[in-house]
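K.L.:
What would the 3D arrangement of this be:
(chains A and B)
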Number of protein chains: 2
Amino acid sequence: MRLTTRMVLAARKWQLLLPLAPTLQHYQKSDFSHDLAAGIVVGMVTVPQAVAYAYLAGLPPQAGLYACLLPMLIYACFGSSKHLVVGPVAVAALLVASAIAEHAPRFDGAYLVISSLLCLEVGCLLLILRILNMGGLVNLLSHPVITGFVNAAAALIIISQLPAITGVAVDQVGSPLAQLVGWLQGLGELQPVTLTIGAAALGFLLIAKALIAQMLRLTGITHSANHPLTRTGPLWVALVGIAVVSGFDLGTRTETVGTVVGGLPQLAWPTADLALWLALLPSAAVIAVITYIESYSIGATLAARERDQIRPNQELIALGAANIGAALSAAYPVAGSFSRSGVNYAAGARTPVSSIFCAVIIALTLAFFTDAFTNLPKAVLAAIVMVSVLNLIDLGSWRKNWRVYRQDCWTEWGTALGVLFFGVEVGLLLGIALSIAFFLRASSKPVITQIGRLGDSQQFRSAKRYNVKLHQQVLALRIDENIFFANAKQIEERVVGRALRRHGTCDVLLACGAVNRIDSTGHAMLLRMSHTLAEAGIRLSLSEVKGPLMQELNLARFADNISGAMYFSNDEAMRELTAQPPAHEVPDDAT
Amino acid sequence: MRLTTRMVLAARKWQLLLPLAPTLQHYQKSDFSHDLAAGIVVGMVTVPQAVAYAYLAGLPPQAGLYACLLPMLIYACFGSSKHLVVGPVAVAALLVASAIAEHAPRFDGAYLVISSLLCLEVGCLLLILRILNMGGLVNLLSHPVITGFVNAAAALIIISQLPAITGVAVDQVGSPLAQLVGWLQGLGELQPVTLTIGAAALGFLLIAKALIAQMLRLTGITHSANHPLTRTGPLWVALVGIAVVSGFDLGTRTETVGTVVGGLPQLAWPTADLALWLALLPSAAVIAVITYIESYSIGATLAARERDQIRPNQELIALGAANIGAALSAAYPVAGSFSRSGVNYAAGARTPVSSIFCAVIIALTLAFFTDAFTNLPKAVLAAIVMVSVLNLIDLGSWRKNWRVYRQDCWTEWGTALGVLFFGVEVGLLLGIALSIAFFLRASSKPVITQIGRLGDSQQFRSAKRYNVKLHQQVLALRIDENIFFANAKQIEERVVGRALRRHGTCDVLLACGAVNRIDSTGHAMLLRMSHTLAEAGIRLSLSEVKGPLMQELNLARFADNISGAMYFSNDEAMRELTAQPPAHEVPDDAT
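P.N.:
Residues are numbered from 1 along each chain as shown, chains lettered A, B, ... in the order given. Modelled structure (predicted):
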């Protein structure tokens, strides 16, 4: 009997760790057809993106395809999201390129080894975050920091694609701004064929969604505007590009992908010396945090549509394992893809099995169709990358925030400029520092409002905003902030100042309904304030202290050390304080 | 007429900037006698301390006395505290010594120039803090950080005095721990005469307060235990030391002060190249912040005893000017002295004029009595320093905090160990980082409590702690924290999770009485949460949003974008929500 219970518990634990197992247990025929259709559409979107992002990351095209095989299968086993599609993404590709740039030249053998190593570190860091239960650390990246970072990253990615789409050769070593200047200087030498192909691809991709929707409508499909096939623009533009280059024999007049190594990847652990391992660690940490946040937000958004939640800790395990899988198969760091996950959801995927079908499509491509890439123009790939990242840019947020959340706008711009001019790590750290500094600054200037009884109710409200009843002998102040080191001195000065300046005050009542925490600095300040006020014949009392805080204060014997008392509610406090004779008339009672 | 008003306003502005002017306008005869007596007693305490701290700072004895002249006069003019005595202090002396150590050997000519320069930078930084209105920055140093720093500084000072009190020669260049090891290794070579004088001085100083109080009692003075003369121990021990060395002719068998340059200091601006100026800046910043905090706390404590407050911004001006005065007169950074300010207060000083009398005593000493220092043994000075800093050590605070404020204890120890092992700057930064990290960590795990009506009252309290009325269709949750980037995701997960798991929930009410601020990340989260809940047929409403926060939310049109409504109070919200038919039965009304 006990054994059975234990077995059930163990089975549940395994189901939580390996969500694919229960999914397959309850797998139905109708699920199969839905997942298969979704898998095929996602595969059609993935192939051209994977090749394009591989170039962005400085890797050969097959590395991009490898990043969709093992990582996708692993995430399908471990992921807690039903619809997230894991694989190569633009931002991670940019981070990889900038992390490895100083260690090896792009497309080099050493570069490949380093990218696998980076991948392994990212995977390990994600698992370490899970083991130390520190997934919460990513919360330090506030909304404006992420927006600022993504905007800057998108700008960097677009700059990096300018040479490929115009055929201008630019030294890829310098800073992004140096590359931009180099590209502008080289504009005289642009290749007309490349520019024509690139511009045509760009133009097509920008209208592809509407165009395909229109074509679908002609075939009688309703709700065509958001049909998953509208996202397959990159595939068609790639096929047309191949056809044009082959048909007009343009292979010598514009750069093409050339030979792609076919077949499945050979699995091997990357090896490296400790110095390189340590040198890559900061970049790996940034990539781990960014990919986790991206993947988590996409997964959570899709899950919410089905009244479901994903498990943050399980996501750390799944993404960590997926990245280790990527390291094994000579790929580069992977994350949840926003566009492909959306396609997967829209195409009606019901379980992560759709990812398995998608991986099969990639495997088939690697096995039989790598020759097709030979004539694929790089300008088309650059156009695919540029249009994908255009969707990431969010310039509306800061304008919307400007009136109300101005500090958040400064944070957003600080992060973006930091990333553009000093690199990703410095930019993100600057953003985090700005978020924390603004938060502490706001906390250090708490609102302290005099409150009074609203009519004959038990409600107490601000004397400034409402017509409330005040008492001459009791100064009731509501502290609208946690009392801690950054504001203790401020609060002390302002409360004591108001109490001393106001004539006839015998009692100060601090309404603590909005105080959630008091640290030792705040605690010491309150005792000092009680002492100071007592020397002027004024008692200090507190009311509406919340349960958890009250427990702490009781442990520290706070109530015994202040001149007044602790009251359950403002109502009770005011009734008792206004009923008692004023404190300085009976000094013996005041202590 | 308008001219007169303007003149009155200008006069008041001048009075605020130069508080000595109104003091002198209302100066009375009785004030004079009190200030004179206090000035003389403070002078008696100051002279030996000034010489002792000069050695601690690595400066000749007269530099310590110079630090009491101009700075004291300047502070008397500008300071907003009536009783604060400014001049050389132990902690600043230690900071000076560690800042200049790497630039010049102690007691060297270059060392003197650098200390004046440091002084000038400290003064300028304090004035800059005032101009930029950034005095609040010092709040980042929480109580535990300051306690940890002062304890570590006291330990460092005591270690630095061990060679002088035992006569063991130790290389002063290494780290404090290396010096301690060097001293232990050199213990075999200790000078018996020096050790005897040092130990005797130490023993006398430790019991001096009680001893002098006893003697005063014999002369018939009541309240002798806290009489200001009980603090004059250092003067008597110095006089006895001089007498013993002169009488027994011990000048060759123990180190003495030797020749002290007499006369007033020559005023001159320190000059230096930009590189040195920049190199000293971090140390100057630390000294500026530490001296300001020390002086401010002492001044505020003494002012509170007289139902008075000091003005933080004016203190920045006064201390900044005092330090610039110190730079001009070849002294070193000055601050408010805890012991001498206490003596000044206890001796009955009524106005800053007492500081002027004290400065006169110092000037007389410099003019006529410098020869007396020739035979003053350095071991006595070391004993004076050691006993003064013993009073600074506070080991009780972390033990008291351990049960309730454990994180603050970690911060205190982190700061202390950081200062001891990595130096003052690193230690303080570590302490600040720990304070902020612990604060953010606590904020990122907010208490979210289900609340219900307490009996028939208008009070709503935690369902866990009180027997309250709950409604099946309304889930009322109180968020006990500001909603911002560090906890937005947490709050979203937990609120949505609880709402989805609970059967029959039609409304989620967030009671925001304890939410003081919502940043853009929190705002975006609330909108997303409203959307997620709406897809599950649950409305989201808020209640008890405070005035200032409500203004912000209205500016951002928050109420229009959530599925439910904003209620004035929990009481109103519950009455309306429980009276309405549930939302998912009338979906048309829900939007």
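
K.L.:
where does the stretch 301-450 of chain A have low pLDDT?
P.N.:
Scanning the stretch 301-450 of chain A with the threshold set as pLDDT under 70 gives A:307.

K.L.:
Which pLDDT value goes with the spatially closest residue to A:Q473 that is not a sequence neighbour?
P.N.:
Using Cβ to Cβ, 6 or more residues apart in numbering or on different chains and skipping the chain neighbours, the partner closest in space to A:Q473 is A:C506 (4.4 Å). Quick note: C-beta positions are derived from backbone N, CA and C, even for glycine. We have a pLDDT of 90 for A:C506.

K.L.:
Torsion angles phi and psi at A:C506?
P.N.:
When quoted as degrees, to the nearest 10, the phi and psi of A:C506 stand at phi -110, psi -20.

K.L.:
Measure how buried it is and give me the count.
P.N.:
A:C506: 21 surrounding residues under other Cβ atoms under 10 Å in any protein chain shown.

K.L.:
A:C358 versus that one, what's the distance?
P.N.:
A:C506 is 75 Å from A:C358, where distance means Cβ to Cβ, to the nearest Å.

K.L.:
Same question for A:L267.
P.N.:
20 Å.

K.L.:
Test my guess that A:E572 contacts A:S543.
P.N.:
Yes: if you go by Cβ atoms under 8 Å, A:E572 and A:S543 touch, sitting 7.3 Å apart.

K.L.:
Counting neighbours, go ahead and name the busier of the two.
P.N.:
Taking neighbours as other Cβ under 10 Å, A:E572 and A:S543 compare with A:S543 leading, 25 against 14.

K.L.:
Just list the residues touching A:N226, thanks.
P.N.:
With contacts defined as Cβ atoms under 8 Å, 6 or more residues apart in numbering or on different chains, the neighbours of A:N226 are A:A346.

K.L.:
What of A:S339?
P.N.:
Contacts for A:S339 (Cβ under 8 Å, 6+ apart) come out as A:V45, A:Q49, A:R231, A:S388, A:N391.

K.L.:
Looking at A:L267 and A:C358 now, which is surrounded by more residues?
P.N.:
Remark: of A:L267 and A:C358, A:C358 carries more neighbours, 31 against 11, as counted by other Cβ under 10 Å.

K.L.:
Quick one, which of the contacts of A:S339 are buried?
P.N.:
Neighbour counting by 16 or more other Cβ atoms under 10 Å in any protein chain shown classes A:V45, A:Q49, A:R231, A:S388 among the contacts of A:S339 as buried.

K.L.:
For those residues, give me TSV that also has secondary structure and distance to A:I197.
P.N.:
Formatted as TSV, the buried ones among the contacts of A:S339 follow (DSSP: H, G, I helix; E, B strand; the rest coil; distance: Cβ to Cβ, whole Å):
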residue	secondary structure	distance to A:I197
A:V45	helix	21
A:Q49	helix	18
A:R231	helix	22
A:S388	helix	18
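
K.L.:
Share the number of residues neighbouring the residue in the stretch 1-150 of chain A positioned nearest to chain B, please.
P.N.:
Closest contact between the stretch 1-150 of chain A and chain B, by Cβ to the nearest Cβ, is at A:S142 (3.1 Å). A:S142 has 28 neighbouring residues, counting by other Cβ under 10 Å.

K.L.:
which residues of chain A score low on pLDDT?
P.N.:
Residues of chain A meeting the criterion pLDDT under 70: A:1-3, A:172-174, A:307, A:580-591.

K.L.:
Tell me the spacing between the residue nearest the centre of it and chain B.
P.N.:
Central residue of chain A (Cα atoms, centre = their mean): A:I293, 3.3 Å from the mean position. Counting by Cβ to the nearest Cβ, to the nearest Å, the separation of A:I293 from chain B is 10 Å.

K.L.:
Now do the contacts for that residue.
P.N.:
A:V138, A:L141, A:I146.

K.L.:
The second one - nearest residue in space that isn't next to it in sequence?
P.N.:
The one in question is A:L141. With Cβ to Cβ, 6+ apart as the criterion, A:L141 has its nearest non-adjacent residue at 6.1 Å, and that residue is A:I293.

K.L.:
quick one, domains of chain A?
P.N.:
Domain ranges of chain A: A:37-393, A:402-443, A:448-590, per automatic domain parsing.

K.L.:
quick one, what contacts the residue in the stretch 351-500 of chain A that chain B sits nearest to?
P.N.:
The stretch 351-500 of chain A approaches chain B most closely through A:F485 (3.1 Å), counting by Cβ to the nearest Cβ. Listed by Cβ under 8 Å, 6+ apart, the contact partners of A:F485 are A:D519, A:T521, A:G522, B:N139, B:L140, B:L141, B:S142, B:H143, B:V145, B:S435, B:F439.

K.L.:
Check A:L140 too.
P.N.:
Going by Cβ under 8 Å, 6+ apart, A:L140 touches A:I432, A:S435, A:I436, B:L440, B:F485, B:A486.

K.L.:
if you look at these, which of them are in helices?
P.N.:
If you go by DSSP state H, the contacts of A:L140 have A:I432, A:S435, A:I436, B:L440 in helices.

K.L.:
from what I can see the third one touches B:F439, true?
P.N.:
No: using Cβ under 8 Å, A:I436 makes no contact with B:F439, being 9.4 Å away.

K.L.:
Neighbour count: these two, which is higher?
P.N.:
Neighbours per residue, other Cβ under 10 Å: of A:I436 and B:F439, the larger number sits with B:F439, 24 against 19.

K.L.:
close enough to count as contact, that one and A:D519?
P.N.:
Yes: using Cβ under 8 Å, B:F439 is in contact with A:D519, at 7.4 Å.

K.L.:
who touches both of the two?
P.N.:
Residues touching both B:F439 and A:D519 (Cβ under 8 Å, 6+ apart): A:F484, A:F485.

K.L.:
Give me every residue in the stretch 201-350 of chain A lying close to chain B.
P.N.:
Proximity of the stretch 201-350 of chain A to chain B, by Cβ under 8 Å from any Cβ of the partner chain, involves residues A:A304, A:R305, A:R307, A:Q309, A:P312.

K.L.:
ok, now which ones touch the fourth one?
P.N.:
Right, A:Q309. Counting by Cβ under 8 Å, 6+ apart, A:Q309 makes contact with A:A300, A:A303, B:E493, B:V496, B:G497, B:L500.
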